[in-house]
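Undergrad: this one's sequence-less:
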C-alpha cells in the first residue's frame, strides 16, 4: 500500500505500510531496496496493528500508537529505535496525538515518555487539545492548549515534569489554529470576543500577564482572515497568511515589539477564497518561501522567496 505517516531519524525513514502479508505495520528504510525492512510485525496473521501517530525524536527513537485489537495484542503507545524486532509497549492506552507530549485518548490526560515504560509518566490531568500547530515553545518549555469546561481555552506550559506543568495564561478564546512565541509575546491565530462581539480567526497576543487581546482584525465580523498555515518567525517579526475582502489574500507581517501589522506580499498575486491551502516554508538561513498555487490569469502560481 502507499506509505503513510512518514518520519525520519537520521538518514532512515520510518513509515506505515501494508505489504499484503502483515497488514498495516511499521517499516523503515535507508533509501535502498535491501535496506527497506519491516521493523516488527506486532499483530501476526495479517491483521496488522493499525499503527498511526508516528513521531520521531532527536533521541533516536520513534513513537507510535496502535488501534487494532486482536488475540494476544495490546493497543497502546510504542517506541522503537528502528532495529528489526524492536518495538516496545510503553503504556496500555491509545494516544489521541503524539507530539512532544502525549494525550491519553480515554482520559485526555497529558503524558511524557523517554521511550521506556518506567519513563512514561503522567504530567497532569488537564486535557490537552488543538492541532499540532497550536503548540510552541515558551522560554524553553512546551506550550499547549487545555480546554475548560465552558469550552474556552487556557495556555499551559511544561518542562516535562509534573511539578513543572502549569497554567501559563487563562483566555476567553474558543478556538486556536496556531501559536508562536516571539520576543516575549505569544501570538495566536484564534477566535474570541471583543466587547461581547465574536470574531473570526484573527491575530491575538499576550505576554502571559493577562488574557490575549486582539492585535488586528483583518476581516471584521465573524468571517476568518487567518487559516491553519503556520506562520514564519524571522527575528522579532511574524509573517503569516491573511485574507480580507478589501485586499484578497497575501502575506502580512507583525512587529512583535510594536504590534504594528502591515501587508508584506502584494495580494494581487492570488484571488483565491479564504481557507485555500498556503505553504510558508522556512529554512535555517533566515529565508522563507511562499508557495502559491493559484489558477488566476494574473499569476498561475509559483514559489516566492524573501529574507524579510
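TA: Sure, I can see it. It should be emphasised that the depicted structure is a prediction, and the values quoted were computed from it without experimental measurement.

Undergrad: so residue 117 touches residue 88, yeah?
TA: Yes: applying CB atoms under 8 Å, one finds residue 117 in contact with residue 88, separated by 7.3 Å. Placement of C-beta: from N, CA and C, glycine included.

Undergrad: which residues touch stretch 144-154?
TA: Outside stretch 144-154, the residues within contact range by CB atoms under 8 Å, 6 or more residues apart in numbering are 101, 110, 126-130, 134-135, 155-158, 167-176, 179, 190.

Undergrad: quick check: which ranges of the stretch 1-150 of the chain have low pLDDT?
TA: 1, 44-59, 67-75, 92-109, 115, 130-133 (pLDDT under 70).

Undergrad: apply 50 and report the result again.
TA: 69, 96-107 (pLDDT under 50).

Undergrad: so who does the closest residue to residue 119 other than its chain neighbours touch?
TA: Closest residue to residue 119 apart from its sequence neighbours, by CB to CB, 6 or more residues apart in numbering: residue 113 at 6.0 Å. By CB under 8 Å, 6+ apart, residue 113 lies in contact with 63, 77, 79, 90-91, 102, 119-121.

Undergrad: residue 263: which of the residues you listed is nearest?
TA: Lowest distance from residue 263 to the contacts of residue 113 (CB to CB) belongs to residue 102, with 39.7 Å.

Undergrad: the contacts of residue 113 in strands, which ones?
TA: 63, 77, 79, 90-91, 102, 120-121 (DSSP state E).

Undergrad: hmm, back to that, what's across from the residue nearest to residue 119 in the sheet?
TA: residue 120 (DSSP bridges).

Undergrad: pLDDT score for the closest residue to residue 165 other than its chain neighbours?
TA: With sequence-adjacent residues excluded and distances taken as CB to CB, 6+ apart, residue 165 is closest to residue 158, at 4.0 Å. Residue 158 is assigned a pLDDT of 90 by the prediction.

Undergrad: for residue 158, list each beta-bridge partner.
TA: Assessed by DSSP bridges, residue 158 has beta-bridge partners residue 142, residue 165.

Undergrad: what about residue 214, neighbour count?
TA: Residues within reach of residue 214, counting by other CB atoms under 10 Å, total 14.

Undergrad: thinking again about what came up before, of the contacts of stretch 144-154, which belong to strands?
TA: Reading strands off those with DSSP E, I get 110, 128-129, 155-158, 167-170, 175-176, 179, 190.

Undergrad: is there a quick ChimeraX command that grabs whichever of these are buried?
TA: Selection of buried members from the ones in strands among the contacts of stretch 144-154 for ChimeraX, criterion 16 or more other CB atoms under 10 Å:
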select :110,128,129,155,156,157,158,168,169,170,175,176,179,190
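
Undergrad: circling back to that earlier point, mind putting the contacts of residue 113 into CSV with neighbour count?
TA: Output for the contacts of residue 113, formatted as CSV (neighbours: other CB atoms under 10 Å):
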residue, neighbour count
63, 22
77, 24
79, 22
90, 22
91, 19
102, 27
119, 11
120, 20
121, 14
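
Undergrad: buried set for the helix or strand containing residue 251?
TA: Using DSSP states H and E, residue 251 sits within strand 248-255. Of all the residues in strand 248-255, those buried under the rule 16+ other CB under 10 Å are 248-254.

Undergrad: which of the residues you listed sits closest to residue 31?
TA: Comparing these against residue 31 with CB to CB places residue 251 closest, at 34.7 Å.

Undergrad: thought the closest one was touching residue 238?
TA: No: the pair residue 251 / residue 238 is not scored as a contact, 10.7 Å apart, by CB under 8 Å.

Undergrad: if we can go back for a sec, between the ones in strands among the contacts of residue 113, which is closest to residue 142?
TA: residue 102 (11.6 Å).

Undergrad: any weak-confidence spans in the stretch 201-308 of the chain?
TA: 270-277, 279, 283, 295-300.

Undergrad: quick check: phi and psi at residue 187.
TA: Dihedral angles of residue 187 (phi, psi; degrees, to the nearest 10) stand at phi -100, psi 140.

Undergrad: give the bridge partners for it, please.
TA: residue 180, residue 205.

Undergrad: make 3 the first number, not 1, from now on.
TA: Yep, numbering from 3; the last one is residue 189 now.

Undergrad: just checking, residue 174 touches residue 195?
TA: Yes: with contact defined as CB under 8 Å, residue 174 and residue 195 form a contacting pair (6.4 Å).

Undergrad: just give me the neighbour total for residue 230.
TA: Neighbour tally, residue 230, other CB under 10 Å: 16.

Undergrad: which non-adjacent residue is nearest it?
TA: That would be residue 179: by CB to CB, 6+ apart, it lies 4.7 Å from residue 230.

Undergrad: is it true that that neighbour touches residue 191?
TA: Yes: here residue 179 reaches residue 191: they are 4.6 Å apart, a contact under CB under 8 Å.
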